[in-house]
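*Asks:* Build me a model from this:
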Amino acid sequence: MGDARPRFTLGQLVATPGALQALADAGQSPLEFIKRHQAGDWGEVPDEDKLENEFSVTHSFRILSAYRTAKGVRLWLITEADRVRRITAM
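*Replies:* The predicted model follows:
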């Protein structure tokens, strides 16, 4: 992945028990997915969602990414749409 500079703030990071278990089962760190999300690598979302994310970065709307762990489990990252982006959930 080329440029990995953060494109937006994340706020507080939270994760569901299911996401944490999927990461543990795959032996992966949440940080690798969080960095991709914040750098604008939206993962496996449809093209229309990628375009919406690009718009959302500059307008403080919700940002949605989807990735798969090494075991094939899909993880969703959502940075909520509030003016200061207080929370990102996995």
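
*Asks:* what sits against Phe61?
*Replies:* Phe61 sits next to Glu52, Phe55, Ala81 when contact means Cβ atoms under 8 Å, 6 or more residues apart in numbering. Where you see a C-beta, it was placed from the backbone N, CA and C, and this is true even at glycine.

*Asks:* sec struct for it, please.
*Replies:* Secondary structure assignment for Phe61 (DSSP: H, G, I helix; E, B strand; the rest coil): coil.

*Asks:* any chance you could read off phi and psi for it?
*Replies:* phi -100, psi 180 (degrees, to the nearest 10).

*Asks:* Same question for Asp49.
*Replies:* phi -70, psi -30.

*Asks:* start the count at 18, not 1, going forward
*Replies:* That works, and once the first residue is 18, the last one we named lands at Asp66.

*Asks:* burial measure for the nearest residue to it once chain neighbours are set aside, as a count.
*Replies:* Residue nearest to Asp66 in three dimensions, not counting chain neighbours: Leu81, with 6.0 Å by Cβ to Cβ, 6 or more residues apart in numbering. By other Cβ atoms under 10 Å, the residues close to Leu81 number 18.

*Asks:* Closest one of the contacts of Phe78 to Phe25?
*Replies:* Within those, the smallest distance to Phe25 is 11.0 Å, found for Ala98 (Cβ to Cβ).

*Asks:* Please report how far the nearest residue to the closest one once chain neighbours are set aside lies from Gln45.
*Replies:* The spatial neighbour of Ala98 that comes closest, neighbours along the chain excluded (Cβ to Cβ, 6+ apart), is Arg79 at 4.0 Å. Remark: distance between Arg79 and Gln45 (Cβ to Cβ, to the nearest Å) = 24 Å.

*Asks:* Looking at those two, which one has more neighbours?
*Replies:* Using other Cβ under 10 Å, the more surrounded residue of Arg79 and Gln45 is Gln45, with 17 against 13.
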